[in-house]
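# Sequence and predicted structure below; questions after.
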Amino acid sequence: MSRRVPAGRATSRRPPVRRRTRGPGRRRQRADDRLIGLLITAALVLALVVTVVNWLLAHWWVLAFGVVLAAAAGAGRLCLKRQRARWDAVRAQGLRYGLAQLDALHHSRFEDAVRDLMHRDGCRDALRVGGGGDLGADVKATDPYGRRWVIQCKHRRNGLAGSAVGTPDLQVLNGTARPVHGADVAVIVTNGRVTAPALAFAEQQRLHVVDRHTLGAWASGSRPLWELLRAVPPPRRPTALS
C-alpha cells in the first residue's frame, strides 16, 4: 500500500549548482594588461636611449674618449696576443740547457748562457757586461714589457756541493742594481745553494733569487723567467721591444 504525501508538503528539490567558468573577457583583459606593460617598458627604454644619445651629442668629447680608450684596449690585447705567439714560437725551437751542462761551464760561459736565455724569451737587447768593474751586473736586458733586468750570476762548478750564495753577494747587487744600473728587476742567478739569511735579505730588499731549482725550470725552456718569479714589478709602457 503506497503512502500518500500530504497536500502542501510536496518535496522541494534544490536546483543543481552551476560551476562558474572564466569567460573569455577575463583572459582578454590579462592579455591587454601585458601588452600595455610591454608598450610602457618599450617607451621608457626608447626615452632613455634618446636621452643618452642627446647627451652624447651635446658632450661629443666623452664619446670620442670612449672610442679612443676602446681602440687602445683592443690594440693592447692584440699586441699581447702577438707577443705570446712569438714567445711560444721561440720556446718551441729555442735554446735549452740541462743543469749538468750549466755546471760544466766556465763562469764566463755561464753568464753567456744566462744572457742567451733572456734573449730566447724575448729580451732582444740582452747583453753580457760581466767582468772587471761590472759593479754587480753580469747581464742586462729589457723584457717585452719594458722592464729593465739586472742580473748577477754566481756559478758553482760543484753545483749544490759548492759554496752557498750568501748575504754579502746580495748586498752588492742591492747596492748597485737600482741606483747604478736603473734596474726594475734585480736578480741573482746561481746553479748552487743560497743561505737562509740571504733569502730573507732578498725578500726584505725586493731582490729576486734564481736558485738551482728555478734555474733548472727556466733553462729547460718551460716558461720565461718573469713567469717563474713572484712579485715581479708590473709592466712599463709598451716599448719598441713589445
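It's in.
# for the longest helix along the chain, the distance to its chain's centre please.
The longest helix of the chain (DSSP state H) is helix 24-58. Helix 24-58 sits 42 Å away from the centroid of its parent chain (CA atoms, centre = their mean, to the nearest Å).
# repeat for stretch 196-207
How far stretch 196-207 lies from its chain's middle: 26 Å, per CA atoms, centre = their mean.
# how about residue 63, what does it touch?
By CB atoms under 8 Å, 6 or more residues apart in numbering, the contact list for residue 63 reads residue 56. Just so you know, the C-beta spots here come from the backbone N, C-alpha and C atoms, and that holds for glycine as well.
# Tell me the helix or strand right after the helix or strand hosting it.
Using DSSP states H and E, residue 63 sits in helix 60-92. Next along the chain after helix 60-92, taking DSSP H and E as the criterion, comes helix 99-103.
# Next secondary structure after that next one?
Downstream of helix 99-103, the next assigned helix or strand under DSSP H and E is helix 107-120.
# Show residues contacting the helix or strand that that following helix is followed by.
For helix 107-120, the following helix or strand on the C-terminal side (DSSP H and E) is strand 127-128. By CB under 8 Å, 6+ apart, the residues outside strand 127-128 that reach it are 111-112, 114-115, 138-141.
# Neighbour count added to the residues you listed, as CSV?
Below are the contacts of strand 127-128 laid out as CSV (neighbours: other CB atoms under 10 Å):
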residue, neighbour count
111, 23
112, 16
114, 28
115, 22
138, 25
139, 27
140, 23
141, 26
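# With pLDDT and distance to residue 226 added, can I get these in a markdown table?
Supplementary listing: the contacts of strand 127-128 in a markdown table, determined by pLDDT from 0 to 100; distance: CB to CB, whole Å:
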| residue | pLDDT | distance to residue 226 |
| --- | --- | --- |
| 111 | 96 | 19 |
| 112 | 95 | 20 |
| 114 | 96 | 14 |
| 115 | 96 | 16 |
| 138 | 95 | 18 |
| 139 | 96 | 14 |
| 140 | 96 | 15 |
| 141 | 96 | 11 |
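# Which neighbouring elements make contact with the helix or strand that contains residue 226?
Per DSSP H and E: residue 226 is located in helix 225-228. Counting contacts by 3 or more CB pairs under 8 Å, 6 or more residues apart in numbering; DSSP states H and E, helix 225-228 packs against helix 212-219.
# Which neighbouring elements make contact with the helix it packs on?
Packing partners of helix 212-219 (3+ CB pairs under 8 Å, 6+ apart): helix 99-103, helix 107-120, strand 185-190, helix 225-228.
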